[in-house]
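Student: sequence isn't available, so here's the structure alone:
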């Protein structure tokens, strides 16, 4: 690479003034051989010869740049063109090139010669990088490391024919890169931007590439766009993009692109319950894997089998590939395998599979809360299942993944139904159903519709063979007929299809057949922890504690006339909001009786008063091993508030304002007055601040969203309601005044 003329003059000047060649080499970062050559030129011809640029000598084994660019554009403008067709077209233009040389140019521009170690999870395949191109990439990296000049580094990369997925792309802003470099940067963007923003960026990039007639690059960007739409829960839009891309897919020599495109098509068809077409895609993918030796393709095929409902086949592929893939694909494989275990009721294997993976941000890692929620439910840990479901809904809000919202709310509905709150469970299921239908998520739409309907909700006959739907129909039939034979058939079908965990959850929605089997002393096949849930054991009390205002308590959906002191009320709320079924006594003593000489005596008296007020037998609330245990269950209106809030945010980000507004209104309507009145212990103070700060922040955000959506009066009314609960909130009052005057 030619050095700047000014640098040559400075080096010769300092050497002439007495500096040694070694010192000049170290100071200016050029080799001693180069310094000697510059000195020799200066001695032979002075500054005129020193500053004369070196003549460019073209390498012996390359053609003119214009010819290479012409060959490259043939493939870019027509991805389906073959080597022989390209040679014939060039020959007609008077350019005689061999097919080997044409292939060599296409390889240099990253249009062929995929690496065998390419990963399916990476969406855009990797291509081998030429040696001289790799050298220029290294130069750009040095520029970036030396002085952080991202513009100069971007200029070097933009001039290259291809630079793949090199790490340096991650450090250069998207806006500085050319169109083809932006395509190569797409994989670095996953997990760092919300999916809806990433989709808009990729969609705009694909249209720009098509406008420039760079159709091969637009094909790669289009695959990334289709993949992003699939993760966003948009199967119809995914298929629309795929149909556009299929017109450009090369006739031969590109099995990797064909595999990825067919894979996405099959999974989208499965979401739309077009199972026969999805199975055809799976057959085509299986055929393509014979040409693709990398084990990563088995993971992709396993994902397709999972979407179709063939979970035993998917687990075999995951286990086959898990030890021979890269770390990124191995993680994806482990999460998919954990999901299969949760669906099949293998709850002990779930924790071993996903241990240590819960702190990641990319879309595959966000499956962990959903997997945990299903596992906790199977273990009968309802509070933990609800907490994981809330987390999953927050992930759905952040990443705009409606599929997560569907699964999370289904788990929450199971929790409510297991506690005997049938109306709340039904309301939760129905709240998401219209959004699923609107987004053409037909599989999830029909599944939710079947949970509580007495008929088949006009289910098309072609959908009845879908494994999840068929299992629902079988368990409903067993519940209606009350025949052990029908129940056994449903259980065997679930075992054969790898859906035993899903079968466990369906039994919660249809408990009558299970109760009948228990009366007859026959085995149910359900885990022992699930059989201890209130839906199967009616003697276990379930309390609904409403403390967002004056205390109101229901026991098994029946109103309890109850009167407690402020401290007893605070203790009851503390119990109801606990995240586990036991609380260390030291924590209770420190919070409620920090200065007492005998806090154990105070606690004993409080427990007696509380059991009497709640009509609760002593064996449901007792002290053991320095812990307070309670075997009853609690529901709080604060939990309902968080649930409605999570759904509202998810709907809002998904662009479903009407549904979001309803959920926000339901959340705010739960507040009747300021909570924790006359409660001054440390825990109550902290909880009061948490609750009031939450409603203050969410009310202001909701009011601003109402203004943006043309519903100013709704925002003002909400602020007025909240101001009666938090009368001293300056933020609420200022915003309310601003909206009223504008």
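Tutor: The structure has been received and is ready for your questions. Computed from a predicted structure; not experimentally measured. Residues are numbered from 1 along each chain as shown.
Student: quick one, what contacts residue 70?
Tutor: Each residue near residue 70 by C-beta atoms under 8 Å, 6 or more residues apart in numbering is listed here: 90, 93, 95. (C-beta placed from N, C-alpha, C; glycine too.)
Student: what is the neighbour count of the second one?
Tutor: So that's residue 93. For residue 93, the count of nearby residues is 9 (other C-beta atoms under 10 Å).
Student: what are the phi and psi angles of the nearest residue to residue 532 once chain neighbours are set aside?
Tutor: Once flanking residues are discounted, residue 532 sits nearest to residue 380: 5.9 Å by C-beta to C-beta, 6 or more residues apart in numbering. Dihedral angles of residue 380 (phi, psi; degrees, to the nearest 10) stand at phi 80, psi 10.
Student: correct me, but residue 380 touches residue 526?
Tutor: No: using C-beta atoms under 8 Å, residue 380 makes no contact with residue 526, being 9.9 Å away.
Student: more neighbours, those two?
Tutor: Taking other C-beta under 10 Å, residue 380 and residue 526 do not tie; residue 526 has more neighbours (22 against 17).
Student: that one in helix, strand or coil?
Tutor: At residue 526 the chain is in coil, as set by DSSP: H, G, I helix; E, B strand; the rest coil.
Student: now the helices for the stretch 301-450 of the chain?
Tutor: Counting by DSSP state H, counting those that start in this stretch, the stretch 301-450 of the chain has helices at residues 311-321, 327-343, 347-354, 368-378, 382-399, 402-418, 422-438, 442-452.
Student: avg pLDDT for stretch 24-35?
Tutor: Mean pLDDT, stretch 24-35: 80.
Student: over to stretch 386-402?
Tutor: Stretch 386-402 shows a mean pLDDT of 73.
Student: ok, residue 683 - contacts?
Tutor: Shown in contact with residue 683 (C-beta under 8 Å, 6+ apart): 570, 574, 591, 592.
Student: any idea which helix or strand carries it?
Tutor: Using DSSP states H and E, residue 683 maps to helix 682-708.
Student: may I see the buried residues of that helix?
Tutor: 683-684, 687-688, 691-692, 695-696, 698-700, 702-703, 705-707 (16 or more other C-beta atoms under 10 Å).
Student: the very next helix or strand once past it packs against which elements?
Tutor: Following helix 682-708 in sequence order, the next helix or strand is helix 712-725 (DSSP H and E). Packing partners of helix 712-725 (3 or more C-beta pairs under 8 Å, 6 or more residues apart in numbering; DSSP states H and E): helix 657-669, helix 682-708, helix 730-741.
Student: swap the cut-off to 6 Å and go again
Tutor: Helix 712-725 is packed against helix 682-708, helix 730-741, with contacts defined by 3 or more C-beta pairs under 6 Å, 6 or more residues apart in numbering; DSSP states H and E.
Student: could you list the residues in contact with that helix?
Tutor: 671, 674, 699, 702, 703, 706, 707, 732, 736, 739 (C-beta atoms under 6 Å, 6 or more residues apart in numbering).
Student: need the pLDDT of the closest residue to the fifth one other than its chain neighbours.
Tutor: The shortest distance from residue 703 to any residue that is not its chain neighbour, by C-beta to C-beta, 6+ apart, is 3.5 Å, and that residue is residue 715. The predicted local distance difference test score for residue 715 is 88.
Student: repeat that for the one 4 residues further on.
Tutor: Per-residue confidence (pLDDT) for residue 719: 89.
Student: distance check, the closest residue to residue 193 other than its chain neighbours against residue 698.
Tutor: Spatial nearest neighbour of residue 193, chain neighbours left out: residue 201 (7.6 Å); criterion: C-beta to C-beta, 6+ apart. Remark: distance between residue 201 and residue 698 (C-beta to C-beta, to the nearest Å) = 29 Å.
Student: for the stretch 51-200 of the chain, what spans make up the helices?
Tutor: Ranges of helices in the stretch 51-200 of the chain, per DSSP H, counting those that start in this stretch, are 65-77, 83-92, 99-108, 131-147, 150-158, 168-171, 179-189, 195-211.
Student: could you dump the ones you listed into CSV with mean pLDDT and distance to residue 458 added?
Tutor: As requested, those are exported to CSV (pLDDT from 0 to 100; distance: least, C-beta to C-beta, whole Å):
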stretch, mean pLDDT, distance to residue 458
helix 65-77, 86, 49
helix 83-92, 89, 52
helix 99-108, 86, 53
helix 131-147, 83, 59
helix 150-158, 88, 56
helix 168-171, 86, 51
helix 179-189, 88, 42
helix 195-211, 90, 33
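Student: return the most buried member of the ones you listed.
Tutor: Highest mean neighbour count among the helices of the stretch 51-200 of the chain (mean count of other C-beta atoms under 10 Å): helix 179-189, with a mean of 21.
Student: for it, name the packing helices and strands.
Tutor: The contact analysis (3+ C-beta pairs under 6 Å, 6+ apart) places helix 179-189 against helix 168-171, helix 195-211, helix 215-231.
Student: for that helix, the distance to its chain's centre please.
Tutor: 20 Å (C-alpha atoms, centre = their mean, to the nearest Å).
Student: got it, and stretch 603-612?
Tutor: Chain-centre distance of stretch 603-612: 46 Å, with C-alpha atoms, centre = their mean.
Student: over to stretch 9-20?
Tutor: Put simply, stretch 9-20 sits 60 Å off its chain's centre (C-alpha atoms, centre = their mean).
Student: tell me the average confidence for that stretch?
Tutor: 81.
Student: need the pLDDT of residue 489.
Tutor: So, for residue 489, pLDDT stands at 94.
Student: could you do the one 5 residues further on as well?
Tutor: The predicted local confidence for residue 494 comes out at a pLDDT of 94.
Student: do residue 80 as well
Tutor: Predicted confidence (pLDDT) for residue 80: 85.
Student: can you pull out the helices in the stretch 551-700 of the chain?
Tutor: 566-576, 585-592, 599-614, 637-653, 657-669, 682-708.
Student: I'd like these laid out as CSV, including distance to residue 463.
Tutor: Shown next, in CSV, are the helices of the stretch 551-700 of the chain (distance: least, C-beta to C-beta, whole Å):
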stretch, distance to residue 463
helix 566-576, 41
helix 585-592, 51
helix 599-614, 47
helix 637-653, 26
helix 657-669, 25
helix 682-708, 37
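Student: ok, which of the ones you listed comes nearest residue 546?
Tutor: Across the helices of the stretch 551-700 of the chain, residue 546 has its closest neighbour in helix 637-653 (4.3 Å, C-beta to C-beta).
Student: report the distance from that closest one to the chain centre.
Tutor: 18 Å.
Student: per-domain residue ranges of the protein.
Tutor: 5-50, 65-109, 131-294, 361-531, 638-741 (automatic domain parsing).
Student: okay if I get those as a markdown table plus distance to residue 343?
Tutor: Below are these laid out as a markdown table (distance: least, C-beta to C-beta, whole Å):
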| stretch | distance to residue 343 |
| --- | --- |
| domain 5-50 | 60 |
| domain 65-109 | 39 |
| domain 131-294 | 15 |
| domain 361-531 | 5 |
| domain 638-741 | 23 |
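Student: tell me which of those lies nearest to residue 309.
Tutor: The closest of these to residue 309 is domain 361-531. By C-beta to C-beta, the value is 3.6 Å.
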